[in-house]
Every structure is written in structure tokens, then in C-alpha cells.
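*Asks:* sequence first, then the predicted structure, then my questions.
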Amino acid sequence: MRRCLIFFSTGTVTGLFLSNVIDHLHSQRSSRLERNPYLNFIKYGLPSSQNLEYYRQYITSIDYARRIPSWVGYSLSRDYLSKCSCQPKSPRTRSEFQSQCQMVPTEFQATNEDYYDSGWSRGHMAPAGDHKYGSQEAMNETFILSANIVPQDLDNNGNYWQRIEYFTRNLAKQFDFVHVITGPLFIPNEQKSLDADDDFPIKQMAYNVIGVNEVHVPTHLFKCVLVENQHQRDMGVGCFVIPNEPIDRNRPLTDFAVSLANVERRTGLHLFHKKIHVDEVPFLCDKTSCELLGKDAMSRELIEQIEYARKVRRCKTMEQLQKLWNEVESKRYGTIDRWLTSAYAKRLAELDTQKLKHDD
């Protein structure tokens with residue numbers, strides 16, 4: 001009996017020691033990550049601890065079964081962005097969508113082939129535009145499929161969701177830090193019960209999957225934003241749930257505002273749960289205007305060119321590409337943006353190379 005007690009006591013002490021060592025190492029790593037301005041959000045806690053991958057400018061938790069991220073987190077810093085704005089940008093035109101993740105087994109990864117001809121675009125969770133001031137490697141990492149990309153409605157991706165991304169980015173001009181947790185949602189449809197005496201709706205989950213790897217298409221996307229000035233003295237938080245479908249550009253962002261608790265309940269995540277009582281933080285749209293960029297700041301012409309750039313990248317033949325480019329030129333834009341001409345030149349070269357290989 002005495003020997004058992006000694007062993008039990010020794011095991012307990014050893015377990016506590018190892019636990020303290022692990023906590024200390026985790027604390028050291030967290031402190032180091034917090035010093036990266038893009039990962040500063042970690043000081044408020046990670047939403048979950050499953051299947052984490054740490055990249056240069058964002059952290060992601062990957063859903064192996066769905067082949068998409070469960071959530072992606074990153075921060076934007078006013079000081080850092082203002083210092084970097086005068087430096088050369090890392091162009092997204094040098095980046096390509098890639099399937100290889102650091103730790104995800106191959107059989108659980110999405111591939112580009114899953115998206116081809118699916119009718120869905122490859123939607124960034126951490127936007128490439130928010131990471132253009134880092135290295136080219138950091139920009140490239142935003143194009144990793146299972147880590148940062150979800151199947152997204154093409155119109156939604158290039159219009160309403162992109163305007164939300166612009167809005168979020170511009171918050172860094174007003175606040176010292178902008179912390180973002182974003183990701184996919186799967187929300188059931190509600191139908192009225194056939195039983196007239198039953199007041200409870202019937203809920204049914206229905207969504208698409210694409211490709212051989214059955215990449216899951218979310219019904220909605222969420223974006224939770226925590227802003228702060230002066231070391232937590234002036235804060236605001238806002239969560240928005242956006243249907244993964246075309247949205248009228250005149251819909252105000254506040255139409256899609258939900259409580260942080262609502263997102264936590266639907267995702268099973270804990271958002272911004274350390275150091276602050278986030279339920280006591282004022283609503284973001286009471287701290288700043290939540291108006292999205294309108295026609296003056298983001299013209300219809302620009303939106304059309306963004307859409308054309310996406311179509312250019314999907315052209316499968318030289319004939320398709322030339323027909324599309326003739327359509328672009330017929331629009332008689334005052335200026336064709338350089339990233340659209342760059343996308344055209346790149347796809348033209350790719351198709352030309354494919355033709356040469358076929359002829360050989």
C-alpha cells in the first residue's frame with residue numbers, strides 16, 4: 001500500500017511538472033507569435049486547438065473531413081501597414097493556388113482539380129490583399145487550398161464579400177489593431193412543418209460538395225472583427241454572417257450582423273475569450289460607420305474587371321480566351337487595370353505552352 005502511494009504521488013508530481021513545462025512552452029510560443037503584428041490576435045486566445053497550422057501571416061485550423069479551414073485568424077496593425085505602405089508590394093499575380101499543406105495528409109487535401117468546372121470560385125479567408133506587404137512567400141501561403149480557401153459563389157466572392165474585405169482592411173486606418181477570425185458556416189434550412197398543430201419548423205442541412213475529394217461548400221461565411229486603440233481602452237467587436245450566394249450590393253452590412261455568441265454556438269469555437277470580457281465590448285458599428293464601399297470608392301467598372309480577371313483564369317482554350325478578351329475590349333473601359341492585363345498575359349502564355357506541348 002505504501003509503495004502504491006509513493007508511485008501515485010510520484011506520478012502526480014511528474015504529471016504536474018510536465019503540465020507546467022508544456023504550459024510554459026506554450027506561453028513562450030504565444031508570446032513570440034504575439035510580437036508578429038499579423039498574429040497579434042493570439043493574445044485573446046485561439047478559437048480552437050485542433051489541426052492548427054501556423055503560417056507567416058495567419059493561423060488556420062483545418063477541417064480534414066471537409067477539406068477546408070474551420071477558421072482562419074490574422075491581425076492588421078495600423079503602425080505596421082503605414083510603415084510598409086511605401087515598400088514594394090508582393091504581387092498576387094506571382095502566386096498560384098496550391099494543394100500542399102504543411103501537416104495535412106494528402107488524402108485529406110483539396111486540389112485545384114476539385115474546383116475546375118465546379119461553378120464555384122476559390123475564396124480566400126485571409127485575403128491576399130491584406131498580406132501584400134509581407135514577403136512573396138507569405139503572399140503565396142494565402143493561396144494554400146485546404147488552409148485558407150473555401151468554395152465560394154463567384155459573384156459573392158468578387159462583389160459583396162470583397163467589399164467586406166475592403167471595409168475590414170480600412171479599419172486599420174482608424175484603429176491600432178484589427179483582429180479577424182473568419183471561416184465557413186453550415187446552417188440548416190428551415191421549413192414549416194406539415195403538421196398544422198406543430199409550431200416548430202423542420203430543419204434540414206443541405207449543401208454541395210465538389211470534386212473527387214468532395215470539398216464541402218459552406219452555406220454561409222462568417223467574419224468576426226475585434227478592433228482596439230490604446231491598449232484595449234477603446235474597443236469594438238462585430239460579427240457578420242453572409243450567405244454564400246449573390247447579394248444585392250445595396251444591402252447594408254448591418255443586415256448580416258449577429259452576436260458573437262451566435263457564431264460561437266454555430267461553430268463550436270471560442271472567440272476572443274482571453275484577457276477581455278468580449279460580451280461587454282461595444283458593437284463595432286457603434287464605433288465606426290459600417291458602410292461598405294460604394295460606387296464612388298469601388299466603381300462598377302472595377303467590379304466588372306475583377307470578374308473578368310477571374311473568367312480569364314478559367315479559360316480552357318485559346319479561342320475562349322480571345323473571345324473573352326474581345327468582350328473586355330468592347331466595354332471601352334477608360335483604363336484596363338494592370339492585374340487584368342497581367343492575368344490575360346499569364347493565361348495566354350500558359351495556353352500557348354500547352355499548345356506547343358500538344359503539337360510536339
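*Replies:* Received, thanks. Here the structure is a predicted model, which means the values were calculated and not measured.

*Asks:* give me the pLDDT for Tyr58.
*Replies:* As predicted, Tyr58 sits at a pLDDT of 96.

*Asks:* whoops, Gly134 was the one
*Replies:* 76.

*Asks:* okay, now it: neighbour count?
*Replies:* Per other Cβ atoms under 10 Å, the neighbour tally for Gly134 reads 20. For the C-beta atoms, the positions are set from N, CA and C on the backbone; glycine is no exception.

*Asks:* what's the separation between it and Arg94?
*Replies:* According to Cβ to Cβ, to the nearest Å, Gly134 and Arg94 sit 13 Å apart.

*Asks:* what do you get for Arg169?
*Replies:* 21 Å.

*Asks:* show me which of the two is the more surrounded one.
*Replies:* Set Arg169 next to Arg94 and count neighbours by other Cβ under 10 Å: Arg169 wins out with 16 against 11.

*Asks:* double-check that that one belongs to a helix.
*Replies:* Yes - Arg169 forms part of a helix when assessed by DSSP: H, G, I helix; E, B strand; the rest coil.

*Asks:* my read: it touches Asp130, true?
*Replies:* Yes - taking Cβ atoms under 8 Å as the definition, Arg169 is a contact partner of Asp130 at 5.8 Å.

*Asks:* between these two, which contacts overlap?
*Replies:* Common neighbours of Arg169 and Asp130, using Cβ atoms under 8 Å, 6 or more residues apart in numbering, are Leu76.

*Asks:* before we move on, the earlier item: anything in contact with each of Gly134 and Arg94?
*Replies:* The contact sets of Gly134 and Arg94 do not overlap (Cβ under 8 Å, 6+ apart).

*Asks:* what residue ranges in the chain score low on pLDDT?
*Replies:* 1-32, 34, 83-89, 193-199, 232, 294-300, 333-339, 359-360 (pLDDT under 70).

*Asks:* for the residue minimising distance to the centre of it, which non-adjacent residue is closest in space?
*Replies:* Among the residues of the chain, the one closest to the centroid is Met125, at 1.0 Å (Cα atoms, centre = their mean). Spatial nearest neighbour of Met125, chain neighbours left out: Val72 (3.9 Å); criterion: Cβ to Cβ, 6 or more residues apart in numbering.

*Asks:* what strand or helix carries that neighbour?
*Replies:* Assessed by DSSP states H and E, Val72 sits inside strand 68-77.

*Asks:* tell me the strands beside that strand, with direction?
*Replies:* Sheet partners assigned to strand 68-77 using DSSP bridges are listed as strand 59-63 (antiparallel), strand 177-185 (antiparallel).

*Asks:* using a markdown table, lay out those together with distance to Cys315 and mean neighbour count.
*Replies:* Shown next, in a markdown table, are the strands paired with strand 68-77 (distance: least, Cβ to Cβ, whole Å; neighbours: other Cβ atoms under 10 Å):
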| stretch | distance to Cys315 | mean neighbour count |
| --- | --- | --- |
| strand 59-63 | 30 | 23 |
| strand 177-185 | 28 | 24 |
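
*Asks:* same list (these) but as a markdown table, adding distance to Ile247.
*Replies:* A markdown table is the format used below for these (distance: least, Cβ to Cβ, whole Å):
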| stretch | distance to Ile247 |
| --- | --- |
| strand 59-63 | 24 |
| strand 177-185 | 15 |
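
*Asks:* pop the domain breakdown of the protein in here.
*Replies:* Annotated domains of the chain cover 20-296, 299-360 [automatic domain parsing].

*Asks:* let me know which of the ones you listed is tucked in deepest.
*Replies:* Here the criterion is mean neighbour count by mean count of other Cβ atoms under 10 Å, and of the domains of the chain the winner is domain 20-296, at a mean of 17.

*Asks:* chain center to that domain: distance?
*Replies:* Taking Cα atoms, centre = their mean, to the nearest Å, one finds the center of domain 20-296 at 4 Å from the center of the full chain.
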